[in-house]
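**Student:** sequence? don't have it. structure:
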């Protein structure tokens, strides 16, 4: 009888233990979720998109008429996509990591590899390096602002290795080449960093930008009022060629 | 046996009771999400227009000496850098609901709301729409987060193309939650 009484008390306490009446605190991960948010990725004759929680590949060997080739459903909405050596790197809204799919055939084959960054991060890849920092506007882990750009060696795809970090707060734009990182924030403007030496080579303090793109020996940088073009024939000594007003 | 039955009944009852929430048990002070609809068929249309000023520049895409610059939600500016010291805007590709693009060879792939559109670039002189996949992208009729309040979706208003936080709505005014 005593045992039954104890069990009964336990059952009475169950609602307290399981109660969901206290609201779950809302974690604002992104202010805006849209279709096509993860972008469009092309690799050879394959085009990849994220349709909500589905990865979709299209065959674009007939460029004007993409034909759906494969579709793979994942357990959460897909936030961003990028390519690394015929691997499609997929960040999902689970915030805790990145899945790597072998897409060399155009179909999705999970490699079982999981990289240690996710939707909360801005990522730039160059060669066998990944440059990772906080993504502006995201607040997944408010207690853990990066205040740096972390550099990973990803040549051993299964085990990315943290190779170093470069101090830089609130990165708004970032792009890299083999030995040079171009990185920008509001305070420091455009900064050119020598990666092996982890040193700032030069900077353009008044040229804060929020989009950076390299094409050949040119670096394009979007500032608030102009689209700037730099000659980076000497990567660590960019020469400003033009400032194209809006 | 009757004791077990009693326990099961009690336990099940408690679970059921716990599943019932009153309106007041949700944190209605939080900002709710609101669906963004696209219902206007005329917006599923890409147009090639004269150059215009950049208002809200975004992502940059390159092809040879040309830069395509995102005008957020509106399309792409086509800029020639054949003379990099004197760049020149050539055209504006109007793409309502634009979010993403990629270039391969002479073809540009863009999002036009939830459609995937192929554009033949023809050296950026006589661009033309070459193909379209309707509704290549979908969004659920609820936001992609849990523990949130949101305005209930109304499919008669069109296709949901985004979920946004709505400062204009109060938590107490919305009826859906997840």
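**Tutor:** On my side now, so go ahead. Quantities reported herein were computed from a predicted structural model and do not represent experimental measurements. Numbering: from 1, shown residues only, chains lettered A, B, ... in the order given.

**Student:** so what does the host helix or strand of residue A:241 touch, helix or strand wise?
**Tutor:** In this assignment (DSSP states H and E), residue A:241 forms part of strand A:239-245. If contacts are counted by 3 or more Cβ pairs under 8 Å, 6 or more residues apart in numbering or on different chains; DSSP states H and E, strand A:239-245 sits against strand A:226-231. (C-beta placed from N, C-alpha, C; glycine too.)

**Student:** For chain B, tell me whether the strand it packs on is touching it.
**Tutor:** Yes - residues of strand A:226-231 contacting chain B under Cβ under 8 Å from any Cβ of the partner chain: A:227, A:229, A:231.

**Student:** Residue A:224 is in contact with residue A:245, correct?
**Tutor:** No - look at residue A:245 against residue A:224 with Cβ atoms under 8 Å: they stay out of range, at 10.9 Å.

**Student:** which residues of chain B fall in strands?
**Tutor:** B:33-38, B:47-49, B:57-63, B:66-71, B:75-80, B:88-94, B:101-104, B:107-112, B:115-120, B:128-133, B:149-150, B:159-165, B:176-177 (DSSP state E).

**Student:** quick one: average confidence on the last one?
**Tutor:** It refers to strand B:176-177. Average pLDDT, strand B:176-177: 88.

**Student:** Can you list the helices and strands that it packs against?
**Tutor:** strand B:149-150.

**Student:** what about stretch B:68-76, distance to the chain center?
**Tutor:** Computed by Cα atoms, centre = their mean, to the nearest Å, the separation of stretch B:68-76 from the middle of its chain amounts to 14 Å.

**Student:** buried stuff in it?
**Tutor:** B:68-71, B:74-76 (16 or more other Cβ atoms under 10 Å in any protein chain shown).

**Student:** Farthest pair within these?
**Tutor:** B:68 and B:74 (12.9 Å; Cβ to Cβ).

**Student:** For residue A:38, give me phi and psi.
**Tutor:** With angles defined as degrees, to the nearest 10, residue A:38 sits at phi -80, psi 0.

**Student:** which residue sits closest to it in space, ignoring its chain neighbours?
**Tutor:** Excluding its sequence neighbours, the residue lying closest to residue A:38 (Cβ to Cβ, 6 or more residues apart in numbering or on different chains) is residue A:50, at 3.8 Å.

**Student:** in chain A, which segments are predicted with low confidence?
**Tutor:** Along chain A, the model assigns pLDDT under 70 to residues A:1-32, A:93-96, A:136-146.

**Student:** go with 50
**Tutor:** A:9-30, A:141-144 (pLDDT under 50).

**Student:** Chain B too?
**Tutor:** Looking at chain B by pLDDT under 50, you get B:23.
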